[in-house]
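S.K.: Give me the fold of what follows.
(one chain, ligands or ions: 2)
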Amino acid sequence: MVSDSIVQVEGLSKHFGDVTAVDDLSFTVERGQVYGVLGPNGAGKSTTLRMMMGLERPSQGSVRLFGEPVTPGCAQLLRVGAIVEQACFVPHLSGMRNLRLWWEAGGADMRDADLDFALSVAGLDDAIDRKVKTYSQGMKQRLGFARALLCKPELLVLDEPTNGLDPGEIREIREMIGNLAESGATVLFSSHHLSEVEQVCSHLLVMQRGRRVTDGTVSETIGSTANRSVYLEVDDPERALTVLSGLAVVTEARRQGDGVLAELTDDAHRSDLAAALVAAGLRLETIMPTQQLEDAFLELLSRNEVAS
Ligand SMILES: Nc1ncnc2c1ncn2[C@@H]1O[C@H](COP(=O)(O)OP(=O)(O)OP(=O)(O)O)[C@@H](O)[C@H]1O
Ligand SMILES: [Mg+2]
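M.R.: Ligands and ions are numbered 1, 2, ... in the order given. Below you'll find the model as predicted:
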């Protein structure tokens, strides 16, 4: 059977002595998806990603990448860029020297690396020639991205790519993931940042204690909670209230602080609201869900606790 699945995980388990880190986990990632793996500490996210990359041997079950089973050092891994460990660099060498060193250590010729693409996505500009010890956390993470992108990967696997970064840096990483997805790459990443998963992912797997709690599109996951509300800021909130009240997908709109809170029907999209407000000549500064994914996530976890 021809399948376009990039990742197929089936019945995957990993035991460390008495600890079950991953427990009968199955999921599939299709080409072009931005797939988020979300779960609390110790849920088994890193262990799952490590098994996907052939860095850890499964106790049971299997991982296939591009249709073929994963084994340590297998050929499909050449089509995968990954940051699953803390990205380590030689501090007294420049970013560029570090990239070159790492690429050539694998026996490859730098002329075969997709350096322009990697550098354009990572956006380090002139800093690429500075010593890594002068880099901020965010810049080191960008260099990690550049390194993972040298092979122009079809799949990018990132374990908590925004861990330890400040809000500005987190936004930059999120934009980078968005740009990569637009360039046609499939991206799988784990995260604690629920809102970030919602903003950048098309699909989502929620894990707890090694098991799948739910998976599906982000809107399916959020849609399973009753309350859908959006906070927005515009240059004229009173007029926004009038516009929003006239939309069939808005059940209620009211002022909140400097902005407006709108309650939406199940089939509403934030883009519909944005389009209506812009069409009415309003300047839209902010539009975001109000902790919906967070609510959905916590609700799912507590339901799972009760069920198990
Ligand atoms: N090498 C190991 N030896 C023993 N136990 C391990 C090992 N690696 C992971 N574990 C255990 O497996 C469970 C899952 O760990 P894992 O690191 O995969 O979770 P995680 O979801 O990535 O957590 P975090 O959000 O904190 O990174 C934890 O209970 C952890 O202590
Ligand atoms: Mg982890």
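
S.K.: just the helices in the stretch 151-300 of the chain please.
M.R.: Counting by DSSP state H, counting those that start in this stretch, the segments of the stretch 151-300 of the chain that form helices are 167-182, 194-200, 218-223, 237-245, 270-279, 292-307.

S.K.: Just give the nearest non-adjacent residue to Ala122, would you?
M.R.: With sequence-adjacent residues excluded and distances taken as CB to CB, 6 or more residues apart in numbering, Ala122 is closest to Ala146, at 3.7 Å. Every C-beta, even on glycine, is put in place using the N, C-alpha and C of the backbone.

S.K.: And the pLDDT for that neighbour?
M.R.: What the model reports as pLDDT for Ala146 is 92.

S.K.: So which elements touch the strand or helix carrying Ala146?
M.R.: Assigned by DSSP states H and E, Ala146 belongs to helix 137-149. For helix 137-149, the packing partners by 3 or more CB pairs under 8 Å, 6 or more residues apart in numbering; DSSP states H and E come out as strand 80-83, helix 95-105, helix 115-122, strand 155-159, helix 167-182.

S.K.: Quick one, which of the ones you listed gets closest to ligand 1.
M.R.: strand 155-159 (7.1 Å; CB to the nearest ligand atom).

S.K.: Let me know whether the closest one sits next to ligand 1.
M.R.: No - on the criterion CB under 6 Å from any ligand atom, strand 155-159 is out of touch with ligand 1, staying 7.1 Å away.

S.K.: Let me see the residues that make contact with that strand.
M.R.: 6-7, 29, 45-46, 49, 52-53, 65-66, 79-85, 148-149, 177, 180, 185-190 (CB atoms under 8 Å, 6 or more residues apart in numbering).

S.K.: Now the buried members of the residues you listed.
M.R.: 6-7, 29, 45-46, 49, 52-53, 65-66, 80-84, 148-149, 177, 180, 185-190 (16 or more other CB atoms under 10 Å).

S.K.: contacts with ligand 2 among these, please.
M.R.: Among these, the ones lying near ligand 2 by CB under 5 Å from the ion are Lys45, Ser46.

S.K.: Would you check that Cys201 makes contact with Gly36?
M.R.: Yes - Cys201 is within contact range of Gly36, at 3.8 Å (criterion: CB atoms under 8 Å).
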